[in-house]
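Engineer: Here is a sequence with its predicted model. Questions after.
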Number of protein chains: 2
Amino acid sequence: MKKHNFSAGPSILPQEVFEKSAQAVLNFNNLGLSILEISHRSKDFVSVMEEARATALELLGLESKGYQALFLSGGASMEFVRVPYNLLKENGKAAYLDTGTWAAGAIKEAKRFGNTEIIGSSKEANYTYIPKDYTVPADADYFHCTSNNTIFGTQMHSFPETGVPMVCDMSSDIFSRELDFSKFGLIYAGAQKNMGPAGTTLVVVKEDILGKTGRAIPGIMDYGQHIAKESMYNTPPVFPVYTSLLTLQWIKNNGGVAAMEEKNNSKAELLYNEIDRNPLFTGTANTEDRSKMNVTFLLKDEKHTEQFDKLWKAADISGLNGHRSVGGYRASIYNAMPIESVKVLVDVMQELERNA
Amino acid sequence: MKKHNFSAGPSILPQEVFEKSAQAVLNFNNLGLSILEISHRSKDFVSVMEEARATALELLGLESKGYQALFLSGGASMEFVRVPYNLLKENGKAAYLDTGTWAAGAIKEAKRFGNTEIIGSSKEANYTYIPKDYTVPADADYFHCTSNNTIFGTQMHSFPETGVPMVCDMSSDIFSRELDFSKFGLIYAGAQKNMGPAGTTLVVVKEDILGKTGRAIPGIMDYGQHIAKESMYNTPPVFPVYTSLLTLQWIKNNGGVAAMEEKNNSKAELLYNEIDRNPLFTGTANTEDRSKMNVTFLLKDEKHTEQFDKLWKAADISGLNGHRSVGGYRASIYNAMPIESVKVLVDVMQELERNA
């Protein structure tokens, strides 16, 4: 019996991806070997890596535009460090937008490397909105933002025009909507939301923004070295990369990012409409900044908590608790979440309303 | 039909590990969810991490001795950077033993951080032996060595007494033999040989050697932070950690490290005896430094190459080619390799002798 999985990450992936990746653990490409036991230099895995890199660029509309896609290890938190190593000049300046816990984490690491200016922040309002009244300094080495704030349920629905490279942590909404991705100099995303299992991070970088800091960069922290080694600087996280490829293929075979966006819009509309209509619930994020990936909400009266928790658990819903740092509820409705599961949640919310 | 897999890494794991991990991709702990889609903060995964950390320490005989085990991301190449970040003082000195490609890689990264002294090297002999005539300076912040050199087929069969913390890259022989592991201040090992699939690195560190450099360390590079967060500083590589736990449990259920060593000794003896006996072959490593994990050898006459390659491929052997940087052959006979597979290889070598 499959649950309705609203987990924020690691999170739901398409069922066919689970089936194909489980099969590859037993016998990959009919080689008589598990994907876990073959050399990453074998032609079977080299073609996995090549196809994953190419499909990522294709889905973002970035082929032949000077971009490279890499599948690295370490999680987005490692990119918090790699980004200033590769882009922040010794005596330069970085501009960061502070929209949540992870944005603040990125800022903390950049500060170790040099002058890091926070040009906008919603921290004072517990990150319930996206700051819009800010200017990216023309003399910054780069501008860094976080497109979707998983914990607080906010999302950037527009991006500034900048004269400097725009770097974006898209961990929780990559491949979920169409954007002009060529506006970005560097995009990174931990796999474990819309792309794959935990254990790999997609980095998409415009090559011409690299190599300008004059810093001595450790090999494994250097995007240029990863590009030169075709994302095989060292042994890559083979299984997470393969499972990410399966998910990218599933996106492509199901209409690409445009089709994902359409489904995501319908799911978000359904759920936010219920939150706004149902007198027992309230959303926590500023309406115009609401995330279409992570829907955060509260019971207006905590006395209904026990009853609501029983109802959704009885409906085979899992992963609905809010992040431990904020409480309440969070329904993560990533690409692979079917609208039927969102309907089950809405039904439960209406059942609570009838019986509370 | 299962192959005889002599791949150097990623490499053979026990068949039951493949079966259990494939099952977990479909339905983990009977939760109705894949292990790839559950939160790393869920109690089911937290207990995986706890058990993996505890079992690693138990197998090494390091429980209650001031050590912590961590499962990190990034591969051993990331530890090449984390080690000097955490142990090399700003104006301090590190002592390294240069026994092969990976040792040299570790040295290259340490040099970016400070004074790095190479106290012994076999580079001039293409790393065919382990230097023994060296002294670890008493004023070094630490001594770094590589216990097994996967590419060149050499292995350290003894370790120096040092007055300073001994750091060892055991990527390719961890859990393969008994040692007094309490002689080491820090041990690290990429999983993809004796422990699991690519995508996680075991770090075992004596806590009291940390926090002495005065360096500002990025959070994700800081062993102290990973310890404080119980190896969950950020989302860990869930599937590689789980599969590593399955392998550690398999080692434990099959007699522990002592039993692994006994089997590994038998396999290595069988294969080296054939290399020494068979007039067509020759080993490449200095006899007394031969690795019991990676057996490197050559055909004395290259004219037999085509015939030998045909024979072993026909016998369903895979992964026998030497590393692209050295050529020849390399039979990696890790813990999970049954002696029957080594016998198949020996039979093929004898068949070549009869028919060459």
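Structural biologist: Good, I have the coordinates.
Engineer: How about the longest helix belonging to chain A, which residues are buried there?
Structural biologist: Looking across chain A with DSSP state H, the single longest helix is helix A:256-277. Going by neighbour count (16 or more other Cβ atoms under 10 Å in any protein chain shown), the buried part of helix A:256-277 is A:257, A:260-261, A:263-264, A:267-268, A:270-272, A:274-275. C-beta here means a position set from N, CA and C on the backbone, and glycine is covered the same way.
Engineer: residues in contact with residue A:55?
Structural biologist: A:245, A:248-249, A:252 (Cβ atoms under 8 Å, 6 or more residues apart in numbering or on different chains).
Engineer: Write a PyMOL command that selects only the buried members of these.
Structural biologist: Only the buried entries of the contacts of residue A:55 go into this PyMOL selection, using 16+ other Cβ under 10 Å:
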select buried, chain A and resi 245+248+249
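Engineer: mind giving me a markdown table with the contacts of residue A:55 and columns for distance to residue A:287 and pLDDT?
Structural biologist: Formatted as a markdown table, these follow (distance: Cβ to Cβ, whole Å; pLDDT from 0 to 100):
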| residue | distance to residue A:287 | pLDDT |
| --- | --- | --- |
| A:245 | 37 | 98 |
| A:248 | 32 | 98 |
| A:249 | 36 | 98 |
| A:252 | 33 | 98 |
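Engineer: Tell me how chain A divides into domains.
Structural biologist: Here the domain parsing of chain A from automatic domain parsing is A:15-253, A:256-355.
Engineer: What is the end-to-end distance of the longest one?
Structural biologist: It stands for domain A:15-253. This stretch, domain A:15-253, spans 14 Å end to end (Cα to Cα, to the nearest Å).
Engineer: ok, the closest residue in space to residue A:114 that isn't next to it in sequence - contacts?
Structural biologist: Nearest residue to residue A:114, sequence neighbours excluded (Cβ to Cβ, 6 or more residues apart in numbering or on different chains): residue A:88, at 5.0 Å. Neighbouring residues of residue A:88 by Cβ under 8 Å, 6+ apart: A:94, A:110, A:113-114, A:116, A:141-142, A:213.
Engineer: Please apply the same query to residue A:171.
Structural biologist: A:9, A:76, A:102, A:148, A:150, A:188-190, A:192-193.
Engineer: again, only this time at 7 Å
Structural biologist: A:76, A:189-190, A:193 (Cβ atoms under 7 Å, 6 or more residues apart in numbering or on different chains).
Engineer: Mind jotting down where the helices sit in the stretch 251-356 of chain A?
Structural biologist: Along the stretch 251-356 of chain A, counting by DSSP state H, counting those that start in this stretch, helices occupy A:256-277, A:305-314, A:339-355.
Engineer: So is stretch A:230-247 next to chain B?
Structural biologist: Yes. Using Cβ under 7 Å from any Cβ of the partner chain, stretch A:230-247 reaches chain B at A:234-240, A:243.
Engineer: What distance do you get for residue A:201 to residue B:237?
Structural biologist: 11 Å (Cβ to Cβ, to the nearest Å).
Engineer: And for residue A:138?
Structural biologist: 40 Å.
Engineer: Just want to know which of these two has more residues nearby.
Structural biologist: For residue A:138 versus residue B:237, neighbours defined as other Cβ atoms under 10 Å in any protein chain shown are more numerous around residue B:237 (33 against 9).
Engineer: Low-confidence bits of chain A, can you list those?
Structural biologist: Along chain A, the model assigns pLDDT under 70 to residues A:1.
Engineer: unless I'm mixing things up, residue A:82 is touching residue A:221, no?
Structural biologist: Yes. In this structure, residue A:82 is within contact of residue A:221 by Cβ atoms under 7 Å, at 5.3 Å.
Engineer: Get me the contact residues on the stretch 51-200 of chain A for chain B.
Structural biologist: A:73-75, A:77-78, A:81, A:109, A:112, A:190, A:192, A:197-199.
Engineer: out of those, who has the most neighbours?
Structural biologist: residue A:199 (34 neighbours).
Engineer: Quick check, that residue in contact with residue B:199.
Structural biologist: Yes. Residue A:199 sits in contact with residue B:199 when judged by Cβ under 7 Å, with a separation of 4.7 Å.
Engineer: what is in contact with these two at once?
Structural biologist: In contact with both residue A:199 and residue B:199: A:237, A:240, B:237, B:240, using Cβ under 7 Å, 6+ apart.
Engineer: how about CSV for these, with secondary structure added?
Structural biologist: Converted to CSV, the shared contacts of residue A:199 and residue B:199 look like this (DSSP: H, G, I helix; E, B strand; the rest coil):
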residue, secondary structure
A:237, coil
A:240, helix
B:237, coil
B:240, helix
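Engineer: Ramachandran coordinates for the residue nearest to residue A:114?
Structural biologist: Main-chain dihedrals, residue A:88, degrees, to the nearest 10: phi -90, psi 120.
Engineer: measure stretch A:330-344 end to end?
Structural biologist: Stretch A:330-344 end-to-end distance (Cα to Cα) = 15 Å.
Engineer: That one near chain B at all?
Structural biologist: No. Counting by Cβ under 7 Å from any Cβ, chain B is not contacted by stretch A:330-344; separation bottoms out at 8.6 Å.
Engineer: in that stretch, what's buried?
Structural biologist: Buried residues in stretch A:330-344 (16+ other Cβ under 10 Å): A:330-337, A:341-342, A:344.
Engineer: Mind listing residues that contact that stretch?
Structural biologist: A:4, A:6-8, A:11-14, A:153, A:175-176, A:193-194, A:251, A:260, A:263-264, A:266-268, A:270-271, A:293-296, A:315, A:317, A:320, A:322-323, A:345.
Engineer: Pull the most distant pair out of the shared contacts of residue A:199 and residue B:199.
Structural biologist: A:240 and B:240 (7.6 Å; Cβ to Cβ).
Engineer: And the strands in the stretch 101-250 of chain A?
Structural biologist: A:115-121, A:142-146, A:148-149, A:154-155, A:166-169, A:186-190, A:201-206 (DSSP state E, counting those that start in this stretch).
Engineer: helices or strands up against the fourth one?
Structural biologist: Under the contact definition 3 or more Cβ pairs under 7 Å, 6 or more residues apart in numbering or on different chains; DSSP states H and E, strand A:154-155 sits against no other helix or strand.
Engineer: how far is that strand from where the chain is centred?
Structural biologist: How far strand A:154-155 lies from its chain's middle: 12 Å, per Cα atoms, centre = their mean, to the nearest Å.
Engineer: Then the longest one?
Structural biologist: Its chain's average C-alpha position is 22 Å from that of strand A:115-121, according to Cα atoms, centre = their mean.
Engineer: swap in the third one?
Structural biologist: Once both centres are worked out by Cα atoms, centre = their mean, strand A:148-149 turns out to sit 8 Å from its chain's centre.
Engineer: same deal with stretch A:334-350?
Structural biologist: Distance, centroid of stretch A:334-350 to centroid of chain: 20 Å (Cα atoms, centre = their mean).
Engineer: And stretch A:198-207, by the same measure?
Structural biologist: 11 Å.
Engineer: what comes up buried for that stretch?
Structural biologist: A:198-206.
Engineer: One more: stretch A:34-46?
Structural biologist: Quick answer for stretch A:34-46 (16+ other Cβ under 10 Å): A:34-40, A:42, A:45.
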